[in-house]
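[1] A predicted structure for the sequence below; I have some questions about it.
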2 protein chains.
Amino acid sequence: MLAQTNDFALPTPSLLLDLDVLERNIAAMAARAAALGVRLRPHWKTHKCAEVAELQARQGATGGTVSTLAEARAFAEAGFDDITWAFPLPLSRLDEARALARRLTLRVVVDSEETVAALVRDVARWHVWLKVDCGYHRAGVDPESDALVELAKRIDRAPRLTFDGILSHSGHAYRAVGQEARAAVAEEERQIMVDAKDRLEAAGIAVPAVSVGSTPSMTAVEHLEGIDEVRPGNYVFFDHTQVTLGSCGVEDCAATVLASVVSCPPGADHAVVDAGALALSQDAGARLSTTRTMGEVLADRQPAQLDGGLRLVSLSQEHGILNRPVPVGTKLRILPNHSCLAVACFDHYTCVRGNEVMGRWRIRRVRG
Amino acid sequence: MLAQTNDFALPTPSLLLDLDVLERNIAAMAARAAALGVRLRPHWKTHKCAEVAELQARQGATGGTVSTLAEARAFAEAGFDDITWAFPLPLSRLDEARALARRLTLRVVVDSEETVAALVRDVARWHVWLKVDCGYHRAGVDPESDALVELAKRIDRAPRLTFDGILSHSGHAYRAVGQEARAAVAEEERQIMVDAKDRLEAAGIAVPAVSVGSTPSMTAVEHLEGIDEVRPGNYVFFDHTQVTLGSCGVEDCAATVLASVVSCPPGADHAVVDAGALALSQDAGARLSTTRTMGEVLADRQPAQLDGGLRLVSLSQEHGILNRPVPVGTKLRILPNHSCLAVACFDHYTCVRGNEVMGRWRIRRVRG
């Protein structure tokens, strides 16, 4: 059952990217956005890769989304010119963001009085999204608060600011298992954002666009009336968490870590692979998952749990611990719990189609 | 109380390295190894930095230890020529390891029949350590097994192999809170390794050296009779886990992440900083810690918990969630749970002495 991955004469650990699956995922989300009547501005933080962003653009994506200024710079260098930095703008990065905004359309996100005030008095022109809390309760203004109207008004009336609209992220869809639960989160987000837009327009503030989304909500949502743009990211690769949530099947997962069994001492009841926290990350997976695993061991692209219950039970820096003996030298494909964080451990993808190695794509694993 | 870190006009997140503390830690461990009568071969996986390895060498360290071949290559490029790759040698990396071993003294670690067989029949000369399980139960042969003697004999008798000795890692000291518990793990490791050496010598196999250690064991151990070498790594920086274990105080921690509060919506009971899983890692800290935190917020270099209970309660990719409101723009120093993993998120250290920025040191954040 594990033989398939032995076909790769690759050093381990390697991050494999299955291009057939990737292309299918990109096409499927593009078709879904088109059918829902919304623009797709994919979150590039998942892949950090110009080649993947290019594939998304060719399928009709409008610009992209990043989570750090370093990512924005990396994609700017790769020639992309319309980027939303979907993270509350840190005041300590204002000078650097301004420098980048001179070279391309950089759209920033705010949710505080302090940051809006800094932008209003700044000398530059900024594209500004107002972040709204759609129920995730991480960042964003309360959609029923006075602050929603006050901050939108200040942005809208500032002569050098362009109000791009209101933006949310339904991260709480990661706590919703199953199609129905994820669809309910998506509908909650849609309704909250449409109501927020209505409140602003009633106060005389034109809202040019409403931007929402996450991968688990976008794979479940039934309609998006009143919404203009969606920003899922993880869907390009999916991962074990998305399988648990029901966003996809194991066969839809495009990024896996190829690892070798390096230790299986005589008499031991476990084995060690060369993929630890710096290959898979320590993401513990979906909160509601019933089986604790630090990454799903695949055999013939299906969970190896079906084949004797092989599981990755813990990780240290470079070691992964399997729950039963496996011969030294065996190669395994491991599906990460969280592909965004596993990708950030690597410098490049090893691109494959089936069992054939096609080449390498660089990962912009940038910080700062 | 939080004002001190506002003095830094640095972009956030930045990884700060306090050189005064670093130098003190390096000198203290060097003195400790000398007093215990053992060679110090520090684990470089913690810092991944040529400048730090150079400081360790100047204080008398003998070579160094790495956990990946990529780290070994990076330190080779920086001019280091005696490196132990303290990870069970993956068969998939044999060709690359051989190429590196031609340029410097690369010492490899084995614990399996399969890997010993591959080295015995290899054309190259190898320096080989036999890994022994000293109670941690991750990798290593059972010290009481026939395999210990069989594998050592095969290495010792192979014409092209140099048997360097037996090696262990007391990783279970990370589950031992307090001086007494950590010292007990250290003594258990020492006794097991000395007994293993005696068994091998009784079987007619000369054991050139015994190498042991971890930071929590080395900061507690009382004597090391019969041991030749120790390989702690984390002690250069320490971290919140080591504070919990009692290996050090907060004032001994040299590496911290400078973060900014980026979101604190009106009415919210929390705040968001720009240091998430890709700045601090998702390491949950010492297993026996009573207070769950994803990193300790410091105020004047003391835990901010003393000052109102400010804690980092969860992390997503780039967001860190604080458990109470803090004004946007506030800068905080955060002590990572696990400095080795936090360092691996960054490209460079920002070196400081007190509040003065001294320069940058590159982190060899290599993979592969």
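    That came through, no problem. Numbering: from 1, shown residues only, chains lettered A, B, ... in the order given.
[2] so which bits of the stretch 201-350 of chain A are right by chain B?
    A:260, A:262-268, A:270, A:272, A:274, A:277-279, A:281-284, A:316-319, A:321, A:327-329, A:331, A:340-341, A:344-348 (CB under 8 Å from any CB of the partner chain). (Each C-beta comes from the backbone N, C-alpha and C, glycine too.)
[3] among those residues, which ones are buried?
    Neighbour-count burial (16 or more other CB atoms under 10 Å in any protein chain shown) is assigned, among these, to A:260, A:262-266, A:268, A:270, A:272, A:274, A:277-279, A:281-283, A:316-319, A:321, A:328-329, A:331, A:340-341, A:344-346, A:348.
[4] in helices, which of the residues you listed fall?
    A:277, A:278, A:279, A:340, A:341 (DSSP state H).
[5] okay but the fourth one is in contact with residue B:317, surely?
    Yes. Using CB atoms under 8 Å, residue A:340 is in contact with residue B:317, at 5.8 Å.
[6] if I look at those two, which residues touch both of them?
    residue A:45 (CB atoms under 8 Å, 6 or more residues apart in numbering or on different chains).
[7] so residue A:44 sits against residue A:63, correct?
    No. Between residue A:44 and residue A:63 there is no contact under CB under 8 Å: 9.8 Å.
[8] so between these two, which is more surrounded?
    Neighbour count, other CB atoms under 10 Å in any protein chain shown: between residue A:44 and residue A:63, residue A:44 has more, with 29 against 23.
[9] distance of that one relative to chain B?
    Separation of residue A:44 from chain B (CB to the nearest CB, to the nearest Å): 12 Å.
[10] just give me the neighbour total for the nearest residue to that residue once chain neighbours are set aside.
    Distances taken as CB to CB, 6 or more residues apart in numbering or on different chains put residue A:64 closest to residue A:44, at 4.7 Å, once the chain neighbours are dropped. A count of nearby residues for residue A:64, using other CB under 10 Å, gives 24.
[11] in its sheet, what does the longest strand that chain A contains sit against?
    Counting residues, the longest strand found in chain A (DSSP state E) is strand A:255-263. For strand A:255-263, the paired strands and their directions (DSSP bridges) read strand A:14-18 (antiparallel), strand A:271-273 (antiparallel), strand A:331-335 (antiparallel).
[12] out of these, which gets nearest to residue A:201?
    Closest to residue A:201 of these, according to CB to CB: strand A:14-18, at 43.6 Å.
[13] list the contacts of the helix or strand just after that closest one.
    Next helix or strand after strand A:14-18 toward the C-terminus (DSSP states H and E): helix A:19-36. The contact list for helix A:19-36 (CB under 8 Å, 6+ apart) reads A:39-40, A:42, A:52, A:55-56, A:59-61, A:218-219, A:221, A:223-224, A:227, A:230, A:232, A:235-238, A:251-254, A:351-354, A:358.
[14] now the angle from helix A:19-36 to strand A:14-18?
    50 degrees (axes from the mean of the first three to the mean of the last three CA atoms, to 10 degrees).
[15] still on that earlier bit, residues touching the residue nearest to residue A:44, list them.
    With CB under 8 Å, 6+ apart, residue A:64 has these contacts: A:41, A:42, A:43, A:44, A:53, A:56, A:75, A:80, A:82, A:83, A:84.
[16] mind doing that once more with 10 Å?
    By CB atoms under 10 Å, 6 or more residues apart in numbering or on different chains, residue A:64 lies in contact with A:40-45, A:53, A:56-57, A:71-72, A:75, A:80, A:82-84, A:86, A:231, A:233.
[17] and the buried ones among the residues you listed, selectable in ChimeraX?
    Buried members of the contacts of residue A:64 can be picked out in ChimeraX with the line below, counting by 16+ other CB under 10 Å:
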select /A:40,41,42,43,44,45,53,56,57,71,72,75,80,83,84,86,231,233
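[18] number of nearby residues for residue A:19?
    20.
[19] an error on my part: the question was meant for residue A:296.
    Neighbours of residue A:296 (other CB under 10 Å): 26.
[20] who are the neighbours in contact with it?
    For residue A:296, the contacting residues are A:239-240, A:243-244, A:250, A:253, A:256, A:285, A:302-305, A:310-312, A:333-337, by CB under 10 Å, 6+ apart.
[21] apart from its neighbours in sequence, what residue is nearest it?
    Nearest to residue A:296 is residue A:335, by CB to CB, 6+ apart, at 4.2 Å.
[22] and the one you found, what's its pLDDT?
    pLDDT recorded at residue A:335 is 96.
[23] for it, give me its contacts.
    Residue A:335 neighbours (CB under 10 Å, 6+ apart): A:237-243, A:250, A:253, A:255-257, A:280, A:293, A:295-298, A:301, A:303-304, A:312, A:342.
[24] let's go with 7 Å and repeat that
    A:239, A:240, A:250, A:253, A:256, A:295, A:296, A:298 (CB atoms under 7 Å, 6 or more residues apart in numbering or on different chains).
[25] kindly report the same for residue A:349.
    A:15, A:17, A:49, A:360, A:361, A:363.
[26] just list whatever residues bridge to the first one.
    This points to residue A:15. residue A:257.
[27] contacting residues for it?
    By CB under 7 Å, 6+ apart, the contact list for residue A:15 reads A:255, A:257, A:343, A:346, A:349, A:350.
[28] quick one on the thing from earlier: just the contacts of residue A:64: which are in strands?
    A:40, A:82, A:83, A:84, A:86.
[29] what is the end-to-end distance of stretch A:86-95?
    17 Å (CA to CA, to the nearest Å).
[30] next one: stretch A:27-44
    16 Å.
[31] tell me the buried residues in it?
    A:29, A:30, A:32, A:33, A:36, A:38, A:39, A:40, A:41, A:42, A:43, A:44.
[32] tell me how far it lies from the chain's centre.
    On the basis of CA atoms, centre = their mean, to the nearest Å, stretch A:27-44 is displaced by 14 Å from the centre of the chain it belongs to.
[33] so residue A:64 versus chain B, what's the distance?
    16 Å.
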